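Novice: Whatever this is, show me its structure:
(4 chains)
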Number of protein chains: 2
Amino acid sequence: MVTIADVARHAGVAPSTVSYVLTGRRSISSATKARVEASVRALGYHPHAGARSLASNRANVLALVLPMREGMHMPVLMQFVVAVANAARRHDHDVLLVTADQGAAGLRRVAGSAQVDGLLVMDVEMHDERVPVLRELDRPSVLIGFPADAAGLTCVDLDFAEAGSRCVDHLADLGHTYVALVGAPRAVYQRDTGFAHRTMAGFSAAAMRRGVSSTTLPTEPDHESVRVAITGLLERHPAVTGLVVHNEAALPSVVEVLRSLGRKVPDDVAVIAICPDDQAERLMPPLTSVAVPAEQLGHHAVALLMAKLDRTPTPPLTLLPPRLTERASTTR
Amino acid sequence: MVTIADVARHAGVAPSTVSYVLTGRRSISSATKARVEASVRALGYHPHAGARSLASNRANVLALVLPMREGMHMPVLMQFVVAVANAARRHDHDVLLVTADQGAAGLRRVAGSAQVDGLLVMDVEMHDERVPVLRELDRPSVLIGFPADAAGLTCVDLDFAEAGSRCVDHLADLGHTYVALVGAPRAVYQRDTGFAHRTMAGFSAAAMRRGVSSTTLPTEPDHESVRVAITGLLERHPAVTGLVVHNEAALPSVVEVLRSLGRKVPDDVAVIAICPDDQAERLMPPLTSVAVPAEQLGHHAVALLMAKLDRTPTPPLTLLPPRLTERASTTR
DNA sequence: GCCCGGATTCGAAGCGCTTCGACATGTCAG
DNA sequence: CTGACATGTCGAAGCGCTTCGAATCCGGGC
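Specialist: Residues are numbered from 1 along each chain as shown, chains lettered A, B, ... in the order given. Next comes the predicted model:
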């Protein structure tokens, strides 16, 4: 193994000088710097991560706590994971995976062992057992989603309330007077997940504000459940002409069921989805949608965490503004 | 921070004794062991990962190299990632994410800096630039998928050739005489990805063997492309009565297009999918399928890597046998 | 009563890096 | 010409852990 001493010898300088060239924590003359850098390349030197973390008290690794629960939509999640990994690399950090089923103990372990400098926690629930743990941990953290009590924490999320609200506004602007929210699976609401709850709240509030009638229903993702749910919905609320779908997995089935019931999109029923753009574009007809900006969220979360590591003050709560893209499933 | 010296003092023993209790590398009397363990709990001690890795030359971290390419199916990938993370934890290891776009340099970096003890590489292509790098690295690795030249490497994968073949056999057993493979997006074949290639080879070979006519076509996942592809397929090959679909993303559209063309499944056209079970079950009708055992693959890959870390001999090539589950989309 | 061997435990030497204070230079104002 | 002050570099200490050889203790056989 090539060590910093080997590089120092090769370049004819002291080990500490090599360290300063690599970390940039002291100014080094450009001549020396060039010589050291050449030696680093010549020897194929990689600093030993463990030694570095021991001496500097920084691991240059972030923990990413993965959710793994019913009703989560994998493509969005994966997009987010990759975005986080890439963003972290841009800040010279790596990402360590922690699965949610390790619970609070997992957080304590990776933080306590100094394996990570900070934590990114996904899919935070309103009342999440991990939240108090994060507060007492000596490492900074950023939550994606936010709990009921977010005091002292840094949280990022899409503004789901605004997303729900924008969907209703768009439909109301088009003249619809009765709209329905086709939501996430029941389990998601039962565990009191913030994002689903907030979409619903935004949806309902906007309906009130705009004076349009509204109804909401949870939806399981399998085709048969969707068929039953949508059929039932249209029977019980025959005047519904606008659907807001916040359930990526059920989306293809919703469109398909409408077609099989003879309801033309957008002529008989308008549909807006809250889902990634590529999925909305892929369906027939392409759906008007509010994008879930997984990539942007990932970048933002990492940026906030890096700021906290630098002890830069950060806003406690960041809500990304939703972006609505009109496509063929709603028309003027 | 609580150190091993603190624990030693608290328990009234030497630091080395604490270390031996924790690592189990020397026998310690049960009385002492109990005392040390109590102190560990009392103080909430977590060994410093960096110090440990520096002293022992083991990081207890595995690298997982994520693919991120066109045509990959996220749910399967995510399932795999989680399976790997869980399996690694069961062996007392963590998982560090490396995105594929870091290429060979990323592998060199995490291995060279002793950040990881071994590497798991997903989505290996037939001629993959990372393969020679893995060979020269001083850390063991396990590939998921396998390259053209797998000499000196350890690879695991589903036996996709056998999967393709089983599908044809199943259809042939049901009396079908003309079958089609609806494959992955063109890009997947263009970059010469092993698994897609091998499914196709198994499919075609079985068709020859069973004396049934066959055809194959790549498929983009968007609805419109699927419509065009399937419509064209059935026009050009009107005698086709059996479809094997190896494209998770296109699957819902395939079923839907068949319906819209008035071809009843399974009466007019039988369909077998190569996809995760839960997806096959979710569609209408539930599809006969060959499962992609992401979880099993993940576990197996980790087990092999751990074996290599222990210097236990491992088989160079493991092919998991495909499992075909009959559902409503094919009938006797 | 003493020596021996096995079972435990201890002490100290690093692992490779960062960082702090000190030491050379060189520069510039008085 | 000298003192004050940057600027660039060095040496050594020490981060918290593992591991090796050595020390200690104990019981049993002689």
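Novice: Without its sequence neighbours, what residue ends up closest to A:V271?
Specialist: A:S329 (4.4 Å; C-beta to C-beta, 6 or more residues apart in numbering or on different chains). The C-beta positions use only the backbone N, C-alpha and C, and glycine is treated the same way.
Novice: Please see if the strand or helix carrying A:A5 touches chain B.
Specialist: Using DSSP states H and E, A:A5 sits in helix A:4-11. No - Helix A:4-11 does not reach chain B (C-beta under 8 Å from any C-beta of the partner chain); its nearest approach is 12.1 Å.
Novice: ok, A:D222 - how many residues close by?
Specialist: Close neighbours of A:D222, defined as other C-beta atoms under 10 Å in any protein chain shown, add up to 20.
Novice: Distance check, it against B:T219.
Specialist: The gap separating A:D222 from B:T219 is 23 Å, by C-beta to C-beta, to the nearest Å.
Novice: tell me how far stretch A:87-99 is from the chain's mean position?
Specialist: 14 Å (C-alpha atoms, centre = their mean, to the nearest Å).
Novice: touching DNA strand C at all, it?
Specialist: No - residues of stretch A:87-99 contacting DNA strand C under C-beta under 7 Å from any atom of the strand: none, with a closest distance of 11.4 Å.
Novice: buried set for that stretch?
Specialist: Going by neighbour count (16 or more other C-beta atoms under 10 Å in any protein chain shown), the buried part of stretch A:87-99 is A:A87, A:A88, A:R89, A:H93, A:D94, A:V95, A:L96, A:L97, A:V98, A:T99.
Novice: Outside of it itself, which residues are in contact with it?
Specialist: The contact list for stretch A:87-99 (C-beta atoms under 8 Å, 6 or more residues apart in numbering or on different chains) reads A:60-66, A:68, A:84-85, A:106-107, A:110, A:115-117, A:119, A:298-299, A:301-303, A:306, B:61, B:64, B:81-82, B:85-86, B:89, B:94-99, B:102, B:110, B:115.
Novice: three-state assignment of the closest residue to A:H300 other than its chain neighbours?
Specialist: Excluding its sequence neighbours, the residue lying closest to A:H300 (C-beta to C-beta, 6+ apart) is A:V156, at 5.3 Å. Assigned by DSSP: H, G, I helix; E, B strand; the rest coil, the conformation of A:V156 is strand.
Novice: my read: A:V156 touches A:V124, true?
Specialist: No - taking C-beta atoms under 8 Å as the definition, A:V156 is not a contact partner of A:V124, at 10.3 Å.
Novice: which neighbours do those two share?
Specialist: With C-beta under 8 Å, 6+ apart as the test, A:V156 and A:V124 both reach A:L143, A:I144.
Novice: Break chain A into its domains for me.
Specialist: A:4-47, A:61-158+A:294-322, A:160-291 (automatic domain parsing).
Novice: can you count the residues close to the one residue in the stretch 151-300 of chain A that gets nearest to DNA strand D?
Specialist: Nearest residue of the stretch 151-300 of chain A to DNA strand D, counting by C-beta to the nearest atom of the strand: A:G152, 25.8 Å away. A count of neighbours around A:G152, defined by other C-beta under 10 Å, yields 9.
Novice: With A:T314 instead?
Specialist: Taking other C-beta under 10 Å as the criterion, the count of residues near A:T314 is 18.
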